[in-house]
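Asks: dropping a prediction and its sequence here:
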Protein chains: 4
Amino acid sequence: MTVRIGVIGTGVMGAEHARVLQGNVSGATVTAVADTVYDRAKAVAAETGARSFQSAEELITSPFVDAVLIASHDTAHAEQVKACLTSGKPVLCEKPLAPAVGECQDLVSLEASSVRGNPLISVGFMRRFHPAYQGLKAQLREGVIGQPLMMLSSHRNVRSYPGGDSASTITNSGIHEIDITAWLLDSPIETVSWHAPRSTSVDGSRQDPQVFHLRTANGVLTIVDVFLNARYGYDVRCEVVGETGSLELARPQQTMVNQGLGRSRSYADDWRPVFADAYRLQSQAWVDSLASGTPSPLASATDALNATRVAEALIQSMNAGGATVAVNPEVTIQAQSSPGSPLERTLSHVH
Amino acid sequence: MTVRIGVIGTGVMGAEHARVLQGNVSGATVTAVADTVYDRAKAVAAETGARSFQSAEELITSPFVDAVLIASHDTAHAEQVKACLTSGKPVLCEKPLAPAVGECQDLVSLEASSVRGNPLISVGFMRRFHPAYQGLKAQLREGVIGQPLMMLSSHRNVRSYPGGDSASTITNSGIHEIDITAWLLDSPIETVSWHAPRSTSVDGSRQDPQVFHLRTANGVLTIVDVFLNARYGYDVRCEVVGETGSLELARPQQTMVNQGLGRSRSYADDWRPVFADAYRLQSQAWVDSLASGTPSPLASATDALNATRVAEALIQSMNAGGATVAVNPEVTIQAQSSPGSPLERTLSHVH
Amino acid sequence: MTVRIGVIGTGVMGAEHARVLQGNVSGATVTAVADTVYDRAKAVAAETGARSFQSAEELITSPFVDAVLIASHDTAHAEQVKACLTSGKPVLCEKPLAPAVGECQDLVSLEASSVRGNPLISVGFMRRFHPAYQGLKAQLREGVIGQPLMMLSSHRNVRSYPGGDSASTITNSGIHEIDITAWLLDSPIETVSWHAPRSTSVDGSRQDPQVFHLRTANGVLTIVDVFLNARYGYDVRCEVVGETGSLELARPQQTMVNQGLGRSRSYADDWRPVFADAYRLQSQAWVDSLASGTPSPLASATDALNATRVAEALIQSMNAGGATVAVNPEVTIQAQSSPGSPLERTLSHVH
Amino acid sequence: MTVRIGVIGTGVMGAEHARVLQGNVSGATVTAVADTVYDRAKAVAAETGARSFQSAEELITSPFVDAVLIASHDTAHAEQVKACLTSGKPVLCEKPLAPAVGECQDLVSLEASSVRGNPLISVGFMRRFHPAYQGLKAQLREGVIGQPLMMLSSHRNVRSYPGGDSASTITNSGIHEIDITAWLLDSPIETVSWHAPRSTSVDGSRQDPQVFHLRTANGVLTIVDVFLNARYGYDVRCEVVGETGSLELARPQQTMVNQGLGRSRSYADDWRPVFADAYRLQSQAWVDSLASGTPSPLASATDALNATRVAEALIQSMNAGGATVAVNPEVTIQAQSSPGSPLERTLSHVH
């Protein structure tokens, strides 16, 4: 059985998703692409042999589309996901599920009330499928370093995208660190604080770098630095320090160059080479779950809601000069439906 | 269009090929598997949803099979490839194409005489699709280190397979080093010699480790050590030293473990984790070429013949106490058909 | 001219100092050692050919002693340094100069009022002589990474010494990070905060690990983790992140071991192998300055006072639940005497 | 007791030796320097406070000189060492002891016939004092990798010195690899062969790089590449592969630089930074043995003779097109005097 997928949004991210789904994922075919910039949609359609649409709504309701991947502008996500729920079609939405907590909350509630069978919403926190993160989590679970105590992460980009501000550093880039922290430590983030190193002079529109403290329910303190204009390369690091040792993501490396009195390996210019495998494996896992009728192993709408809540708390801390802020768990209680989720463990921990 | 593939041989290698083709390659489906050990074939058939055969011949001629992957015992390769040629079906044969030069020669001739359109035979020298080797070759071509002068390779396995001898180290394991050397340096191997370090006491059936000198037509000297019982891990290394610098394959690494007064990364126990991506990408490239009707980008029958000739020369050197032996190029002259191939360059170089 | 040195304190640290001064430093000879545990003094005296004393006072005033190295218990430092000042003899005091700010302040004042010529007090912040830290500082000054923005340091010990508490983590171990931060960034630390990860279960007497935020006058935020019971090895790390790149201390390594499916280098069990060269070079630099009559290039009494003030502020933050605390600069204004010191720059910066 | 040392030869190497002996070695003082280029001698004399001589002979016989370090031109070594023997003064001669086997042989014989007490001649194979090589040898002895089988070494310089030829690559640079191979494996080299990769175009005066096969009495095969114009950096590598694992010298590294899409550490431009510690520790060990009247732990005249014999055999192999050549042990039998030396073991092994 081949799953017929429609891709909404054909910018850099969406076009790449379409190519991978069509060319490197088993059991999937891209039958439709949509973009409000219709020429862009047509180009990707030609490349992949899909139909093109200008309207996301038409793509979603097309009889040639079994499942939808959303890579449109962040602000369009919520409405498009809703349309998928209405059509009863599984959807893989790029992060963020929606920029605001309220919208995420609405989607979680809508999904909970409407779904029979497997939840329809999956969210593209692809790092969970990165083999190195998976290896690290497996070793944590095996007890290689005992009880984790502290986690140190770095997220360095070569340059920031235009149009952002200090808050968007948190919601666009920091959100990956937020999700992976809770996932790796298998514990929800309960309190946060935000800190400002000296800021680079090359980006006047935001504080850059930023430092986050994330405290999970299990007591572990995670310290993350996010530096969008690090210039030197795309560099994602993570170390978990436990009672008997520590685990680190190794730096990806393919060739070493000895030249000009230096021995070096190269950094990627952006996330694509580093996480290409994670995207591919995430898409394969999603398609496999659709084909087999099993629950999606991807991040859920609730996971996305939780991450957005943490981002919101970090913005509050930023606006409050670095104060420690509790992540608001209230509404989630009602939304929480899947037994055994990290959230449930939190609640039982709290009560 | 989905390419329907039949897999012959369902041992460790064939079963893995079937799984990857079915589950991780776009545009392919495994419709048939065959094994003389019929229960083994049935198990893999059940897992992948394919039909099972006991007879390779029946699989090859089945109307449900568009193309054939051969992962049977080395000694069966030649006959099965011949059957594919007879049926006019594309075939990806695991290395070696055949153990003896004469058989390879026959297949090259048969393919040349029978084919209209693209050559039917591809050979599984999957290292050519390993991203790190590809990166190294690309950097060589870009001139990052100038003219190459010397290449140093190591091939270390944890343990040898039972039943082999000193010659099979060359034909089974060394053959990968032979092919990748000519491919990376883009120059055929012309002379070789074989050398014996002190041999390990754990394998009385062969000299282990062994050292090869491979001299390519462009004058570069490649020194390879092959150590099947290295015990410490599966470890493949390669450095090309040029006039202005050197390039090395980096060691694969995912997580670093700090523990017990040590900082370590782990070695794989065998080739599978190291070359999983190379196998997947090779299969994808093969399927893509079949779907699009373009020539296979995999190693050709002539490439396999050339590698087998070099292996034969190494065995001669071994039997002659390490003498320098010229690789016999004679018969290849007739077989040689693709203009611009490394072989042609050799011949023009010789004349 | 050979400088005749008396060593006070012949525990692990003092005995090592005596050995290095006698056996690996040019132009020095150890003529006297003293310890209240007199047998210990006699053993080291026998080993180095020195006289032995039970009384530090007698050693200091001995006519056979030109200069004094103090490696006694922290609580004895202040009185012994005072005796050296009284005798007009140069003294290299192991850190801390004294545990409390007031005592350090007294010594700074006494030295300022009593000295003609070069200051007599040097303090053993030996990291300043570690070749890797020196290389890192040189590259910072050359502008290799532009303006520094953020610094990340880790200080991991295998095990804590018995008898300490959370405050002594700061004053004994953290003090090295405090001094090296101000020295590397060439800027005094102005505000600090203290943070607690989940604490290890193996040491009930203290919070362990601890995290410090150190903000220097130039705006750079330094984040340090200090983990005394890290178990896995003695591991000191430092990364300075700047506007155009970052610089890291490389991990010390001598041999790589490939064994048992792992590739590893070993960690030291404690600071000795890691900083052996730093201690030797510091002692050589001190002896050279004594022999040549030039000012000591080691950390000064004022440097030690500044570090102790920062430690005090961290303890205040710890007691205040992690609040940001300003480092008290008041008294130092009077004490500050050496033109061009970091402190002076701070003051001119403030005014 | 301070050992008064005279240094003959004040070029780059001799001047550095004088500085280290005077400034970084305990128990030594440089009282005299000599150079046929007298101005050069005077400059180093001024720097170190020594007397200057134009005549090596005068320095050797000076009553202010207890021991002699020879860093003059290779061709002057033999005569100067003889003069030291005649004067009964201990001498540390830079490698080679003498360029020709005959001269080395004469010195070995002369020393054996003239010495009462400790042998007077030490030879500057300083690698034996490099902490990483010492660590590697210690781990070998502890059996970390079981019985050694194969050793792989690389010796890469940035550029060749003018005036050399293919033979001088062996006698000047390769000689270090020859000595360290026998020392590490604790077994004399019995047969050798010489091999030529493609030669670099930047040095028309010699084959460069060169490859040596060195077979020790214990059966281990060592493969060394020596590349004087490697350009990319000064790079010395060594791996010993044994029955249960392998040991490698780690690359020296102090800081890592992240910059411009690269992560790099720097190579030294020449041997000085890499082996500075080895030279210092060798000089300290020599001075300590002189002060204490114990036998020198440095390489002996017989070690130097053995290395020169191996170099001679490699040159024979080079002139014979790479043939395997036995190292001539004949004359050594008479000269051999120190019980328990590697040579003796060879002989008993042979008989």
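Replies: All right, it came through fine. Predicted model only: the values in this text are computed from it and were never measured.
Asks: alpha carbons only for contacts and neighbour counts from here, please
Replies: Will do.
Asks: check which helices and strands the helix or strand where residue A:58 lies is in contact with.
Replies: With the criterion set as DSSP states H and E, the secondary-structure element containing residue A:58 is helix A:56-61. With contacts defined as 3 or more Cα pairs under 8 Å, 6 or more residues apart in numbering or on different chains; DSSP states H and E, the secondary structure elements packing on helix A:56-61 are strand A:3-8, strand A:28-34, helix A:77-87.
Asks: now it, how far from the centre of its chain.
Replies: For helix A:56-61, the distance between its averaged C-alpha position and the chain's averaged C-alpha position is 24 Å (Cα atoms, centre = their mean, to the nearest Å).
Asks: in a markdown table: the helices and strands packed on helix A:56-61, plus mean pLDDT.
Replies: What follows is the helices and strands packed on helix A:56-61, written out as a markdown table (pLDDT from 0 to 100):
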| stretch | mean pLDDT |
| --- | --- |
| strand A:3-8 | 98 |
| strand A:28-34 | 98 |
| helix A:77-87 | 97 |
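Asks: dump these into a markdown table; add distance to residue B:122 and mean neighbour count as well.
Replies: As requested, these are arranged in a markdown table below (distance: least, Cα to Cα, whole Å; neighbours: other Cα atoms under 10 Å in any protein chain shown):
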| stretch | distance to residue B:122 | mean neighbour count |
| --- | --- | --- |
| strand A:3-8 | 30 | 27 |
| strand A:28-34 | 26 | 28 |
| helix A:77-87 | 44 | 19 |
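Asks: wait, which of these is closest to residue D:250?
Replies: Go through the helices and strands packed on helix A:56-61 one by one with Cα to Cα and the one that ends up closest to residue D:250 is strand A:28-34, at 47.1 Å.
Asks: list the buried residues of the following helix or strand past the closest one.
Replies: Following strand A:28-34 in sequence order, the next helix or strand is helix A:38-48 (DSSP H and E). For helix A:38-48, burial by neighbour count (16 or more other Cα atoms under 10 Å in any protein chain shown) applies to A:38, A:40, A:41, A:42, A:43, A:44, A:45, A:48.
Asks: who's in contact with the first one?
Replies: Which is residue A:38. Taking Cα atoms under 8 Å, 6 or more residues apart in numbering or on different chains, we find residue A:38 in contact with A:52, A:53, A:54.
Asks: related to what we said a few turns ago, which one of the helices and strands packed on helix A:56-61 lies closest to residue B:150?
Replies: Set against residue B:150 and scored by Cα to Cα, the helices and strands packed on helix A:56-61 come closest in strand A:28-34, at 45.4 Å.
Asks: can you tell me which helices and strands the closest one packs against?
Replies: Using 3+ Cα pairs under 8 Å, 6+ apart as the contact criterion, the neighbours of strand A:28-34 among helices and strands are strand A:3-8, helix A:12-23, helix A:38-48, strand A:51-53, helix A:56-61.
Asks: and the residue most central in space within chain A, its phi and psi?
Replies: Central residue of chain A (Cα atoms, centre = their mean): residue A:125, 2.6 Å from the mean position. Its backbone dihedrals place residue A:125 at phi -90, psi 80, with angles given as degrees, to the nearest 10.
Asks: just say helix, strand or coil for the residue lying closest to residue A:131 once chain neighbours are set aside.
Replies: In space, not counting the residues next to it along the chain, residue A:131 is nearest to residue A:278; the distance is 7.1 Å by Cα to Cα, 6 or more residues apart in numbering or on different chains. The local conformation at residue A:278, judged by DSSP: H, G, I helix; E, B strand; the rest coil, is helix.
Asks: if we can go back for a sec, which residues touch the residue nearest to the centre of chain A?
Replies: Taking Cα under 8 Å, 6+ apart as the definition of contact, the neighbours of residue A:125 are A:94, A:95, A:176, A:179, A:298, A:299.
Asks: on that earlier part again, isn't the residue nearest to residue A:131 right up against residue A:124?
Replies: No - taking Cα atoms under 8 Å as the definition, residue A:278 is not a contact partner of residue A:124, at 10.2 Å.
Asks: go through stretch A:260-272 and flag the buried ones.
Replies: Of the residues in stretch A:260-272, those scored as buried under the neighbour-count criterion (16+ other Cα under 10 Å) are A:261, A:262, A:263, A:264, A:265, A:266, A:267, A:268, A:269.
Asks: what's residue A:174 in contact with, if anything?
Replies: Residue A:174 makes contact with A:226, A:311, according to Cα under 8 Å, 6+ apart.
Asks: any idea how far it is from residue A:13?
Replies: For residue A:174, the distance to residue A:13 equals 18 Å [Cα to Cα, to the nearest Å].
Asks: and what of residue A:271?
Replies: Here the criterion is Cα to Cα. By it, residue A:271 lies 11 Å from residue A:13.
Asks: what residues does the stretch 51-200 of chain A have near chain B?
Replies: Within the stretch 51-200 of chain A, the positions near chain B by Cα under 8 Å from any Cα of the partner chain are A:131, A:132, A:135, A:136, A:145.
Asks: in helices, which of those appear?
Replies: With DSSP state H as the criterion, helices contain A:131, A:132, A:135, A:136 from among these.
Asks: surely the third one is in contact with residue B:257?
Replies: Read that as residue A:135. No - taking Cα under 8 Å as the contact criterion, residue A:135 and residue B:257 are not neighbours in contact, 11.2 Å apart.
Asks: so the closest residue to chain B within the stretch 1-150 of chain A, which of the three states?
Replies: In the stretch 1-150 of chain A, the residue that lies nearest chain B is residue A:26 (4.2 Å; Cα to the nearest Cα). Of the three states, residue A:26 takes coil under three-state DSSP.
Asks: so it makes contact with residue B:27?
Replies: Yes - proximity of residue A:26 to residue B:27 meets the contact threshold set by Cα under 8 Å, at 6.7 Å.
Asks: any part of stretch A:197-213 near chain D?
Replies: No - residues of stretch A:197-213 contacting chain D under Cα under 8 Å from any Cα: none, with a closest distance of 15.5 Å.
Asks: start and end of that stretch, how far apart?
Replies: From its first residue to its last, stretch A:197-213 covers 13 Å (Cα to Cα).
Asks: repeat that for stretch A:151-169.
Replies: One end of stretch A:151-169 sits 20 Å from the other (Cα to Cα).
Asks: can you check stretch A:202-215 too?
Replies: For stretch A:202-215, by Cα to Cα, the gap between its terminal residues amounts to 31 Å.
Asks: tell me which residues in it are buried?
Replies: A:203, A:206, A:207, A:208, A:209, A:210, A:211, A:212, A:213, A:214, A:215.
Asks: counting by contacts, list what the helix or strand harbouring residue A:281 packs against.
Replies: Assignment of secondary structure by DSSP H and E places residue A:281 within helix A:271-292. With contacts defined as 3+ Cα pairs under 8 Å, 6+ apart, the secondary structure elements packing on helix A:271-292 are strand A:3-8, helix A:12-23.
Asks: what's opposite residue A:240 in the beta bridge?
Replies: residue A:151, residue A:247 (DSSP bridges).
Asks: returning to that earlier point: number of residues surrounding the residue nearest to residue A:131?
Replies: 21 (other Cα atoms under 10 Å in any protein chain shown).
Asks: quickly note the distance from it to residue A:134.
Replies: From residue A:278 across to residue A:134, the span is 10 Å (Cα to Cα).
Asks: need the overlap of contacts for the two.
Replies: Taking Cα under 8 Å, 6+ apart as the contact rule, the neighbours common to residue A:278 and residue A:134 are residue A:128.
Asks: closest residue of the stretch 1-150 of chain A to chain D?
Replies: Of all residues in the stretch 1-150 of chain A, the one sitting closest to chain D is residue A:132 (19.5 Å; Cα to the nearest Cα).
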